[in-house]
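J.: what's the 3D shape of this:
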Amino acid sequence: MLAGGSGNDAPSQAQAPIETVDILVAAGDIGMGSAVRAEDVRWQAWPKEAANVAFVQKPSAPNAIQDTAGSIARAPFVAGEPIRPDKLIKGSGSGYMAAILPSGMRAISIEISPETGAGGFILPNDRVDVILTRKISGPNGRDESYSETLCRNVRVLAIDQTVEDKDGQKVVVGKTATLELTPMQAEQLALSRQQGAIALALRSLVDSGEQVDASGEPAGDRGGKVTVVRYGVASGGGGR
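T.: Next comes the predicted model:
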């Protein structure tokens, strides 16, 4: 009978060490719009195979800690999250809003109330439709009300919130909403504010990916339909 050892007695193969590279990560939570200090970031060993090319790596950017200091965070970071240059911007003395606003876009603020701002449920980074309602004199001197969507699927950059008393309870009520608009949309909204009442309609997260063109219309939709309410009866209107 041949003598032999058990398979469990075979020497285990030594595992090769994992090759790492130092990448720049957040030393703690960094809020959107915060100025990044040198102590807010640090080097962290990272598996080289898992290091994304978008990460800041020490071999290619040894002075990244000093270079990052003074930047403004265009998006929040959590502690230990790799720092990506596209989420930072050098403010050069500019304010927070100018730093986070994407290239080519404009920020414009409008007054809102619980009635025109979805009851206070609209928050920064939500997507909304901007609706204008106005009245004009119709036949026989009777008023006709028109309601139309000025901008679709626009991002809310900020909500100016204050605490007020309502029925003995503390509630948060937004007074001003700052929207991210194209230059064309900004001009249209500025004019429409003088023509009637502006309201924001909160969009579902499922609908937030809808594609729109520069004028705010759904891509491929050129109908420009308007809902007309005459004497309490709604009907489909024609082009704008």
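J.: From here on, just use CA atoms for contacts and neighbour counts.
T.: Will do.
J.: Could you chop this structure up by domain?
T.: According to automatic domain parsing, the chain comprises the domains 20-100, 106-236.
J.: So for residue 72, what's the nearest residue that isn't a sequence neighbour?
T.: In space, residue 72 comes closest to residue 35 once its chain neighbours are excluded; the distance is 4.6 Å by C-alpha to C-alpha, 6 or more residues apart in numbering.
J.: Surely that neighbour touches residue 74?
T.: No. Here residue 35 does not reach residue 74: they are 9.8 Å apart, not a contact under C-alpha atoms under 8 Å.
J.: sorry, back to before: next one: the residue nearest to residue 72 from residue 68, what distance?
T.: Using C-alpha to C-alpha, to the nearest Å, one obtains 10 Å as the distance from residue 35 to residue 68.
J.: ranges for the strands of this protein?
T.: Using DSSP state E, the strands found in the chain span residues 20-26, 41-47, 71-73, 88-90, 106-111, 127-137, 143-166, 169-181, 197-202, 227-230, 233-236.
J.: mind putting the domains of the chain in JSON lines, mean pLDDT and mean neighbour count included?
T.: Shown next, in JSON lines, are those (pLDDT from 0 to 100; neighbours: other C-alpha atoms under 10 Å):
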{"stretch": "domain 20-100", "mean pLDDT": "88", "mean neighbour count": "17"}
{"stretch": "domain 106-236", "mean pLDDT": "71", "mean neighbour count": "16"}
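J.: what's the longest helix in the protein?
T.: In the chain, with assignment by DSSP state H, the single longest helix is helix 183-192.
J.: Packing partners of that one?
T.: Applying 3 or more C-alpha pairs under 8 Å, 6 or more residues apart in numbering; DSSP states H and E, we find helix 183-192 packed against strand 106-111, strand 143-166.
J.: mind putting those in TSV, distance to residue 63 included?
T.: Listed next are the helices and strands packed on helix 183-192 as TSV, based on distance: least, C-alpha to C-alpha, whole Å:
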stretch	distance to residue 63
strand 106-111	34
strand 143-166	32
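J.: Residue 133 is nearest to which of those strands?
T.: strand 143-166 (4.3 Å; C-alpha to C-alpha).
J.: Which strands or helices does the closest one pack on?
T.: strand 127-137, strand 169-181, helix 183-192, strand 227-230.
J.: Just send these back as CSV, with distance to residue 51 too.
T.: Listed next are these as CSV, based on distance: least, C-alpha to C-alpha, whole Å:
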stretch, distance to residue 51
strand 127-137, 33
strand 169-181, 33
helix 183-192, 38
strand 227-230, 52
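J.: Show me the one of these that comes nearest residue 100.
T.: Among the helices and strands packed on strand 143-166, if distance is taken as C-alpha to C-alpha, the winner is strand 169-181, at 10.4 Å.
J.: Residue 182 and residue 102 touch, don't they?
T.: No. Using C-alpha under 8 Å, residue 182 is not in contact with residue 102; the gap is 10.2 Å.
J.: From residue 122, how far off is the residue nearest to residue 175 when sequence neighbours are not counted?
T.: The shortest distance from residue 175 to any non-neighbouring residue, by C-alpha to C-alpha, 6+ apart, is to residue 112 (5.2 Å). Noted for residue 112: a distance of 10 Å to residue 122, by C-alpha to C-alpha.
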